[in-house]
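Chemist: What would the 3D arrangement of this be:
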Amino acid sequence: MRVGFGRALAVAALLLGVLPAAAFGAPSAPLGQKGRWLIDARGRAVVLHGVNMVYKRPPYHAAATGFGADDARFLRREGFNTVRLGLIHKGVEPTPGGYDDAYLAQVARSVDALSKQGIFTLLDFHQDLYNERFQGEGLADWAVQDDGLPAQPQVGFPGNYAAMPALNRAFDHFWANDPGPGGVGLQDRYADAWRHVAQRFRGRMRVMGYDIFNEPWPGSAWPACANPTGCQAFDQQQLTPFSRRVAKRIRQVDRRNLVWYEPNVLFDFGADTNHGDTGPRAGMSFHDYCLSGGDCGELEERPFANAEAQAGRAADALLLTEFGATDDLGSIERMVQRADSHMVGWQYWHYCGCEDPTTSGSGSTQAVVIDPKRPPSGDNVKSAKLAVLARPYPQAIAGTPRAWRFDRVTRRFELSYSTARLGGGRFRFRADTQVQVPRRRYSGGYDVRVAGGQAMSRANAASLRVRACAGRRAVRVVVTPGSGRRRADCRAPTGVGQRRAGPRRAPNFTG
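Modeler: Okay, here's the model as predicted:
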């Protein structure tokens, strides 16, 4: 049955009035990119907060740990909107050119469980120490070429990187794309495996892209990279061509999702990157850890500064895909504040301990949820750590972000943005800004004050929806603990085609 345009418009208006606020505010798939920013299907800037979920032991998929629908609901309830989900190359391609689609079906279970909760998944080919032979995990056994050297000395993670010649030989052969079984280059096989994975997952709307190689280690060239300027030769002559090779294979089957490359692992500790451009719809996935054990302020700042410089050169999106792995709440708080100051989204390492063979300290130290086989509640959750990570943030911004910050003591959150759409053009109807306001931080409710717009969601909603007033070029939002009071200096349009805005007394934002 065909419906006249006027009637259809009226029905649309009715539905818009009764659907949940989250239906309008939540980032809409698929995610794209404008310069350093992720954007959603409406063109809004998107900010991601979430966790990693990587199981590094056979059978190498998250479902084997018990991670499932209850964990996805828990993450969404706490305000998280992304998970970096690990795949292990050995699980994907156990024999040369032979892909295990039953393994990928298990990965898809986790992707679908997260998607049902509106959570975006970054698929990650994870490795540490290349392979189990070197006390790590990652690439398939058939991809190990160590020139027959013994896997000695064994000092574990991360010491084997520097101490074990056989491990460095294996990386050297990989970066050289030396022939493996059947005379096919090791990288060529690896890139083809990514092509197979991308073909399998390209249609899932909340898959946000492919993190092609976790923490690339330079192999025998590593001493030249251990300095603040990094290593131009390795980054430009080996790492960049590898990233381009994998991106090209992925693009043969998926031109929509972002391809995320990583700088070499020494970037995590302050070395700069010389990685080249990999083309459009790309992002840089970077990590930030401190090895000093003391005041890490400058060392933690350097990866952010280097990442922003790289985004400026290559016009790539940025995402902090690892930090933490600790129970030191001060360290975690310092990092999330730093990410806010740089307006960078993040994924904490890690959701669980999960028998991690390659982490600093005990596996449970890194966890938010201790055992995914048990419900994520009570003493199975590290509540103090969760209270640091679950913080207010702008999930989707209908404009260009200028700044946001959160004071953990006063619980005051501030956001400012211009109403100019990233990349130009105009927003479609009701492309509102959404601020996630975790109940864990505001159990007694919150007050909101808006200049240049108006709060449109119900009082104390977990998803605060803000709409700009007609003609306003900037919006400022302030959230403080309270009882649900809302103040604004103008009225935002509320109906289809409605474009009214009236001046009101400007709120005092200095208190």
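Chemist: alpha carbons only for contacts and neighbour counts from here, please
Modeler: OK.
Chemist: so when I look at L318, I'm seeing a strand, right?
Modeler: Yes. Counting by DSSP: H, G, I helix; E, B strand; the rest coil, L318 is located in a strand.
Chemist: tally of neighbours for it?
Modeler: Neighbour count of L318, defined by other CA atoms under 10 Å: 26.
Chemist: For it, which non-adjacent residue is spatially closest?
Modeler: In this structure, L318 finds its nearest non-sequential neighbour in M284, 5.2 Å apart by CA to CA, 6 or more residues apart in numbering.
Chemist: Show me where the protein has its helices.
Modeler: According to DSSP state H, the chain carries its helices in the segments 5-18, 22-25, 69-77, 89-92, 101-116, 159-163, 165-175, 186-201, 232-234, 240-251, 297-314, 329-341, 383-389.
Chemist: Which one, of those helices, ends up nearest to A63?
Modeler: Closest approach to A63 among those (CA to CA): helix 101-116, 6.6 Å.
Chemist: which helices and strands does the closest one pack with?
Modeler: Using 3 or more CA pairs under 8 Å, 6 or more residues apart in numbering; DSSP states H and E, the elements in contact with helix 101-116 are helix 69-77, helix 89-92, strand 120-125.
Chemist: and the angle for it with helix 69-77?
Modeler: In terms of direction (axes from the mean of the first three to the mean of the last three CA atoms, to 10 degrees), helix 101-116 departs from helix 69-77 by 40 degrees.
Chemist: quick one: helix 101-116 to chain centroid distance?
Modeler: Centroid separation for helix 101-116 versus its chain: 18 Å, with CA atoms, centre = their mean, to the nearest Å.
Chemist: swap in stretch 82-92?
Modeler: Stretch 82-92 sits 14 Å away from the centroid of its parent chain (CA atoms, centre = their mean).
Chemist: which outside residues touch it?
Modeler: Applying CA atoms under 8 Å, 6 or more residues apart in numbering, the external contacts of stretch 82-92 come out as 48-56, 59-62, 99-101, 103-104, 107, 119-127, 137-141, 190, 193, 321, 347.
Chemist: Return the alpha-carbon coordinates of it using CSV.
Modeler: The C-alpha trace of stretch 82-92 is given here as CSV (Å, rounded to 0.1, in the frame of the first residue of the first chain):
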residue,chain,number,x,y,z
THR,A,82,33.4,-0.6,21.5
VAL,A,83,35.4,-3.8,21.8
ARG,A,84,38.7,-4.7,20.2
LEU,A,85,38.1,-8.3,19.5
GLY,A,86,41.1,-10.6,18.9
LEU,A,87,41.6,-13.1,16.2
ILE,A,88,44.7,-15.2,16.1
HIS,A,89,46.2,-15.9,12.7
LYS,A,90,47.0,-19.5,13.7
GLY,A,91,43.2,-19.9,14.3
VAL,A,92,42.3,-18.3,11.0
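Chemist: could you give me the average pLDDT of that stretch?
Modeler: Mean pLDDT, computed over stretch 82-92, is 98.
Chemist: pLDDT wise, what is the residue nearest to L318 at?
Modeler: 98.
Chemist: List the residues that contact it.
Modeler: M284 sits next to 260-263, 307, 311, 316-319 when contact means CA under 8 Å, 6+ apart.
Chemist: cutoff 6 Å now
Modeler: Applying CA atoms under 6 Å, 6 or more residues apart in numbering to M284 gives the contacts 260-262, 318.
Chemist: Mind putting the helices and strands packed on helix 101-116 into CSV with mean neighbour count?
Modeler: Shown next, in CSV, are the helices and strands packed on helix 101-116 (neighbours: other CA atoms under 10 Å):
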stretch, mean neighbour count
helix 69-77, 19
helix 89-92, 24
strand 120-125, 25
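Chemist: Just tell me which of those ends up closest to E414.
Modeler: Closest among the helices and strands packed on helix 101-116, using CA to CA: helix 69-77, at 21.9 Å.
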